[in-house]
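[1] Return a 3D structure for these sequence lines:
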Amino acid sequence: MTGEMDLFAMAAAPFTRWPILGNPAWRWLVALGIAVAVLLLLLLLRDRLASRLAHLAGRTASAWDDFLVELLQRRTGFLTLLAVAVWAGSHALLIPEPVAFRIRQITSIVLILQVALWANYAIGFFLTRAFEARGDDEEVAAALAGAQLLSRVGLWTVVILVVLRQLGMDITALVAGLGIAGIAVGLALQNVLGDLFASLSIVLDKPFVVGDFIVVDNFAGTVQHVGIKTTRVRALTGEEIVFSNADLLKSRVRNMKRMAERRVEFRLGVPYGTPVEKLERIPAMVREIIESQPQVRFDRGHFKQLGDSALIFEFVYFVTDPDYLLYMDIQQAINLAIYRRFGEDGIDFAFPTQTVHVVEGTETIPAEAARAEGQGPVRVQPQEQSEPEEQGQTRARTQAEG
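    Predicted coordinates:
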């Protein structure tokens, strides 16, 4: 029995007496067992949870479960699970504090990078969903790319700073330097950044989209392209007008394509001296003509004012379809009908006229013209006409012969 015990002690000596890096072999075996067990447990939990979520995602229309499945199955790395397993197994070893600190440091960095990968995927996932709700044109794609770029640059800048802090570096000076550099870059690129954020506002808020006809100040045309810095508009005369996105948002933009109905206002003038009976018939006559047109709603018609050279009537109606060609066809039909009816009823159209009153023996310059020249009314006396030159020569020859 004693011999068997001695034999067993000799066989167990490598595991109990011979140290490996300060720990007997059995501690290394225990640490390895713990690490393998934790790794297998984490893999099992990841796969089972992902499988359950995938099964649930197939029965629901929500995107959250799809997001979690993708996050667990493809965005959770094996190296992350391995680092956690090694950290757990290291607790079974007697290791110096500096080594334990390095293990904790490396594990922390791996976990930070894993969280950064999750956040990077979340940025793409949620921004894509947000922009897809705004459409699928190339402007939305450009804005999506810009938003993802800015978000990911910010994310990885923070991650790098945190990792450097975990490595024991003093990042105070670095953060201060980045802040100063950021201010300098921001000042230098404020116009570019302003246009970039303005393009995001245009894509998200959609005051207009490609194909809309807009009026900006004295410019009008069809939107051809909304880019990160500029918006291009094709004018009616054919040339391309380029607007800065920031300037465009600061302007008053009229989107004619989103017009629900078109309001039309026009005026008629008839000359002074038109009988009152005919003036009274004009509003009802024009209203009847307007209401006879399709897709038209009459609003009002009145004898508005006594003009300088005409009696002014004003009429307002609405075209229920905003199409410009339809409006022009309707206005043309109304104009022709009014001209025809006025001719039948003996009503004349007024045009700008000026009356000059001539008094016998004198010519009176109108007071308006005289005031324009800075003087009062002027009377011009007629001048005596001189004899024609030929008549004078004939009379001279007759006197000479006599």
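
[2] Look at residue 264 and give its secondary structure.
    Look at residue 264: counting by DSSP: H, G, I helix; E, B strand; the rest coil, its state is strand.

[3] Run through the bridge partners of it.
    residue 317 (DSSP bridges).

[4] mind listing what residue 232 touches?
    223-225, 240-243 (Cβ atoms under 8 Å, 6 or more residues apart in numbering). In short, each C-beta sits where N, CA and C put it, glycine included.

[5] If we use 10 Å, what do you get?
    Counting by Cβ atoms under 10 Å, 6 or more residues apart in numbering, residue 232 makes contact with 210, 221-226, 240-243.

[6] Neighbours of the closest residue to residue 129 other than its chain neighbours, how many?
    The shortest distance from residue 129 to any non-neighbouring residue, by Cβ to Cβ, 6 or more residues apart in numbering, is to residue 63 (6.5 Å). Close neighbours of residue 63, defined as other Cβ atoms under 10 Å, add up to 12.

[7] any idea how far residue 345 is from residue 63?
    From residue 63 across to residue 345, the span is 70 Å (Cβ to Cβ, to the nearest Å).

[8] ok, now residue 286?
    Taken as Cβ to Cβ, the span from residue 286 to residue 345 is 12 Å.

[9] Comparing those two, which residue is more hemmed in?
    Between residue 286 and residue 345, counted using other Cβ under 10 Å, residue 286 has the larger neighbour count: 22 against 11.

[10] Would you mind measuring from the more buried one to residue 270?
    Per Cβ to Cβ, residue 286 is found 11 Å from residue 270.

[11] Pull up the overlap in contacts between the two.
    313, 342.

[12] about what we covered before: quick check on the contacts of residue 232: which are buried?
    Buried members of these, counted by 16 or more other Cβ atoms under 10 Å: 221-223, 225-226, 243.

[13] Show me the residues you listed that map onto helices.
    The subset of the buried ones among the contacts of residue 232 located in helices under the criterion DSSP state H is empty.

[14] can you put the residues you listed in TSV and add distance to residue 340?
    Output for those, formatted as TSV (distance: Cβ to Cβ, whole Å):
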residue	distance to residue 340
221	37
222	36
223	41
225	47
226	48
243	45
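
[15] just curious, which of the residues you listed is nearest to residue 94?
    residue 226 (65.3 Å; Cβ to Cβ).

[16] distance of the closest one from residue 205?
    Counting by Cβ to Cβ, the gap from residue 226 to residue 205 is 12 Å.

[17] swap in residue 179?
    31 Å.

[18] Residue ranges in the stretch 151-300 of the chain under the pLDDT threshold?
    For the stretch 151-300 of the chain, applying pLDDT under 70 flags the ranges 185-190.

[19] the strands in it, which residues?
    213-216, 219-226, 230-235, 240-244, 253-255, 262-270, 296-306 (DSSP state E, counting those that start in this stretch).

[20] Just put those strands in TSV and tack on distance to residue 77.
    Listed next are these as TSV, based on distance: least, Cβ to Cβ, whole Å:
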stretch	distance to residue 77
strand 213-216	49
strand 219-226	38
strand 230-235	41
strand 240-244	44
strand 253-255	48
strand 262-270	61
strand 296-306	66
